[in-house]
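> how would this look folded up:
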Amino acid sequence: MKTILCYGDSNTWGAVSGTNSRLSIHERWPGVMRDTLGDSYWVIEEGLCGRTSIWVDQVCQYRTGRDYLLPCLDTHSPLDLVIIMLGTNDLKTRFHLPAQDIARGVSVLLEMTINSNKGPDGNAPEVLLIAPPVILDIPENQIQFVNGASRSKQFGNLFSTYAKQLGAHFLDAGLYVKSSTVDGIHLDAAEHKVLGLKVAQKVNSLLS
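Okay, here's the model as predicted:
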């Protein structure tokens with residue numbers, strides 16, 4: 001059995017746009033992927049609302065992805081594949097980060113995972129970096145995510161560059177799914193299904 005860890009934020013957790021609710025296990029993209037891949041794969045959902053890459057959020061504490069990544073890898077090892085989809089929360093106005101800095105922060109997590117020995121036989125796991133979908137500039141986001149859309153549009157190219165440099169696999173979610181018009185950030189159930197199927201296809205090509 002192949003073991004896959006999905007390390008992300010509220011779009012991995014399955015937040016329902018504009019609410020505090022969560023999509024069901026079969027609606028969230030990791031669940032769609034799991035159902036598609038079948039019993040030969042064990043998919044671990046490690047989504048945390050508000051999670052950043054390496055940036056410390058003084059408003060939402062305990063959300064720094066770097067701090068929990070290695071304990072998480074230890075907990076679930078050995079891992080055949082680690083999927084990382086982060087960067088959206090790094091767009092928050094209070095961090096004042098250009099897209100390049102966000103991409104570099106995410107690349108730190110790639111390096112940590114690639115340099116770990118948490119894969120089979122003490123080797124490193126395979127790593128798949130997913131660039132999050134572009135967020136929307138809607139009234140609800142004007143304060144919390146100033147110029148978020150324009151910065152997130154750069155994620156595809158920037159994340160792809162770091163993935164290539166570090167030897168990770170890459171998928172640009174923005175090519176396949178769109179953020180909800182309700183809050184401009186989260187994925188609706190239909191988009192989760194599209195993303196889950198696309199990631200399953202990618203995973204199957206990597207691990208089959």
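> Please report how far the residue located most distally from the centre of the chain lies from K193.
Residue farthest from the centre of the chain, counting by CA atoms, centre = their mean, is D121 at 25.7 Å. To K193, D121 is 35 Å away according to CB to CB, to the nearest Å. To be clear about C-beta, it is placed using only N, CA and C from the backbone, and glycine gets the same treatment.
> and V82, helix, strand or coil?
Using DSSP: H, G, I helix; E, B strand; the rest coil, the structure places V82 in strand.
> For it, list each beta-bridge partner.
L5, V127 (DSSP bridges).
> wait, it sits on L128?
Yes. The pair V82 and L128 qualifies as a contact (CB atoms under 8 Å) at a distance of 7.3 Å.
> Geometrically speaking, which residue is the centre of the chain?
M85 (1.3 Å).
> And the pLDDT for E140?
Looking at E140, its pLDDT stands at 73.
> Same check on G119?
You'll see G119 listed with a pLDDT of 98.
> Next: L195.
Taking L195 on its own, its pLDDT is 98.
> For it, grab phi and psi.
phi -70, psi -40 (degrees, to the nearest 10).
> What are the buried residues along the helix or strand where E111 lies?
According to DSSP states H and E, E111 maps onto helix 99-114. For helix 99-114, a neighbour-count test (16 or more other CB atoms under 10 Å) marks 99, 101-103, 105-107, 109-110, 112-114 as buried.
> Out of the residues you listed, which comes closest to S77?
When the buried residues of helix 99-114 are ranked by distance to S77 (CB to CB), T113 comes first, at 11.1 Å.
> Against D80, how distant is the closest one?
Distance from T113 to D80, by CB to CB: 12 Å.
> Which neighbours do those two have in common?
P125 (CB atoms under 8 Å, 6 or more residues apart in numbering).
> pLDDT score assigned to the closest residue to V177 other than its chain neighbours?
Of all residues not flanking V177 in the chain, E191 sits nearest, at 4.1 Å (CB to CB, 6 or more residues apart in numbering). Reported pLDDT at E191 in the predicted model: 98.
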